[in-house]
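*Asks:* kindly return the folded structure for what I paste below:
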Amino acid sequence: QVQLVESGGGLVQAGGSLRLSCAASGRTFSQSTMGWFRQAPGKEREFVAATRWSGGSTYYGDFVKGRFTMSRDNAKNTVYLQMNSLKPEDTAVYYCAATTAWYGGPWNSWDPDAWGQGTLVTVSS
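*Replies:* Predicted coordinates for the structure are as follows:
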């Protein structure tokens, strides 16, 4: 089982940037799927981004539109979510998630095995 711990959330003004981090420990494999979801108050969970632990393509939710970038540092067992041009509607709890094997999509149907505790991102107008 993999354990995930997020950090980096906070309060930012609209148009600003934040970088979220997710430190992974335990059982990670080269084919593991690593990703991010978010959930705003009163709304359903929403897929944000995902990639393979060993590298390759990164997939994003439709709403991202080039504003977010997911990256990884395998040496640090950490994945990141760089969020730019933030909007008030990006306000949500952001969760890091993982699956032992490569999932591949469709991403709105991805049901990860492991979840972090979440980190709150608040974007003020």
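
*Asks:* is it true that residue 116 touches residue 93?
*Replies:* No. In this structure residue 116 lies outside contact range of residue 93 using C-beta atoms under 8 Å: 10.1 Å. All C-beta spots, glycine's among them, are computed from the backbone N, C-alpha and C.

*Asks:* compare those two (neighbour count), which wins?
*Replies:* The residue with more neighbours, out of residue 116 and residue 93, is residue 116; 22 against 18, by other C-beta atoms under 10 Å.

*Asks:* which ones are touching the more buried one?
*Replies:* Residues in contact with residue 116 (C-beta atoms under 8 Å, 6 or more residues apart in numbering) are 4-6, 22, 95-97.

*Asks:* nearest residue to the middle of the protein?
*Replies:* residue 36 (2.1 Å; C-alpha atoms, centre = their mean).

*Asks:* distance check, that one against residue 125.
*Replies:* Here the criterion is C-beta to C-beta, to the nearest Å. By it, residue 36 lies 23 Å from residue 125.

*Asks:* kindly report the same for residue 75.
*Replies:* 38 Å.

*Asks:* who has more neighbours, these two?
*Replies:* Set residue 75 next to residue 125 and count neighbours by other C-beta under 10 Å: residue 125 wins out with 9 against 6.

*Asks:* and the more buried one, what does it touch?
*Replies:* Contact analysis of residue 125 by C-beta under 8 Å, 6+ apart lists 14, 88.

*Asks:* could you measure residue 35 against residue 21, distance?
*Replies:* Per C-beta to C-beta, residue 35 is found 14 Å from residue 21.
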